[in-house]
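**Q** I would like the atomic coordinates for the input below:
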Amino acid sequence: MNTDKIKLFLVDDDAVFLKSLEIEFMHLPDFIVETYATGELCLKNIDHKPDVIILDYHLDGIEKDAMNGIETLDKIKQANPFIPVVMLSSQDSIEVAISCMHHKAFDYVVKSETAFLRLQKNITTFLHYKKMERELNWYMERM
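**A** Predicted structure coming up:
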């Protein structure tokens, strides 16, 4: 993981929402942001080694035959199971949230006026956890 900047992939077929998230994250000095309108484009660029992926649940607004978010999530986890993926959806449904978690999403966030703050908190939490894990491993190696 790049310790200077956090490489963030934003994947959403809603162009307005995608652009607003991109602008919000680009205003923060710790982020490098790449945006994709489909899961296929995200996967095509997975070799750019994102630190975190924020992924829409549906992804069918541009191409009706496009992979949905769950299919994309599964393929991301096949490529690299350690990339944290936060799922986004306009559906405030416990069933959707459980499905995302079952497919190994780090978290599920409902698209709302507070979505950016929750996403930012998720990323901070995950990176803090990874830092603690590295420190613990460092100490364990010395024992």
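**Q** Next one: the residue lying farthest from the centre of the chain from Met132, what distance?
**A** Relative to the centre of the chain, the most outlying C-alpha is that of Met143, 35.1 Å out, by CA atoms, centre = their mean. To Met132, Met143 is 17 Å away according to CB to CB, to the nearest Å. C-beta: built from backbone N, CA, C; applies to glycine.
**Q** Where in the protein is the helix or strand with the lowest mean pLDDT?
**A** Scoring the helices and strands of the chain by mean pLDDT, DSSP states H and E places helix 115-141 at the bottom, with a mean of 83.
**Q** Any buried residues in it, and which?
**A** Buried residues in helix 115-141, counted by 16 or more other CB atoms under 10 Å: Ala115, Phe116, Arg118, Leu119, Asn122, Ile123, Phe126, Leu127.
**Q** Residue ranges in this protein under the pLDDT threshold?
**A** The chain contains residues with pLDDT under 70 at 1-3, 61-62.
**Q** so where do the strands sit in it?
**A** 6-11, 31-36, 52-56, 85-89, 107-110 (DSSP state E).
**Q** Provide the contact partners of the fourth one at residue level.
**A** By CB atoms under 8 Å, 6 or more residues apart in numbering, the list of residues contacting strand 85-89 from outside reads 12, 52-58, 69, 73, 76-77, 96, 100, 104-111, 115, 119, 122-123.
**Q** Any of these buried? List them.
**A** Buried members of the contacts of strand 85-89, counted by 16+ other CB under 10 Å: 12, 52-58, 69, 73, 76, 96, 100, 105-111, 115, 119, 122-123.
**Q** still on that earlier bit, got a markdown table for the strands of the chain, with distance to Lys19 too?
**A** Formatted as a markdown table, these follow (distance: least, CB to CB, whole Å):
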| stretch | distance to Lys19 |
| --- | --- |
| strand 6-11 | 9 |
| strand 31-36 | 8 |
| strand 52-56 | 13 |
| strand 85-89 | 14 |
| strand 107-110 | 17 |
